[in-house]
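Participant: Next input, structure requested:
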Amino acid sequence: MTFSVEHNFDETVITLMDDAAELEDVKIHFTDEGVDLLQVVHMENLEVFNGITLSHEMLQDLLVAYQSPEGLYRRT
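Facilitator: Numbering: from 1, shown residues only. All right, here's what the predicted structure looks like:
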């Protein structure tokens, strides 16, 4: 996996690139307000961005969940 990291004034942007070129790049924008995940989709002559926004807490939960066994969890 190839990735880049850019530190800007008001955000950090990480771009994940699929070395096999099977999937489009994913850009992750970290700001004070939250985390935006964007992936460009090429449709005919258009570039459309699919995206979701996570709070910083949701991102932390996602990272913990990835390492957890099956089950229901609540952060305290």
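
Participant: which stretch of helix or strand covers the closest residue to D32 other than its chain neighbours?
Facilitator: Take D32 and drop its neighbours on the chain: the residue closest to it by C-beta to C-beta, 6 or more residues apart in numbering is D10, 7.5 Å away. Any C-beta I mention is one placed from the backbone N, CA and C, and that applies to glycine too. Of the helices and strands defined by DSSP states H and E, none includes D10.

Participant: Could you count how many residues lie near D10?
Facilitator: Counted by other C-beta atoms under 10 Å, the residues lying close to D10 total 8.

Participant: The one 3 residues further on too?
Facilitator: By the other C-beta under 10 Å criterion, the neighbourhood of V13 contains 16 residues.

Participant: go on, V35?
Facilitator: 20.

Participant: Test my guess that it contacts I14.
Facilitator: No. In this structure, V35 is not within contact of I14 by C-beta atoms under 8 Å, at 9.9 Å.

Participant: For those two, list the residues in contact with both.
Facilitator: I28 (C-beta atoms under 8 Å, 6 or more residues apart in numbering).

Participant: What segments of this protein are strands?
Facilitator: All strands of the chain, identified by DSSP state E, fall at 2-7, 12-17, 26-30, 35-43, 46-54.

Participant: Reformat these as JSON lines; add mean pLDDT.
Facilitator: Shown next, in JSON lines, are the strands of the chain (pLDDT from 0 to 100):
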{"stretch": "strand 2-7", "mean pLDDT": "94"}
{"stretch": "strand 12-17", "mean pLDDT": "93"}
{"stretch": "strand 26-30", "mean pLDDT": "93"}
{"stretch": "strand 35-43", "mean pLDDT": "88"}
{"stretch": "strand 46-54", "mean pLDDT": "88"}
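
Participant: All set now, cheers.
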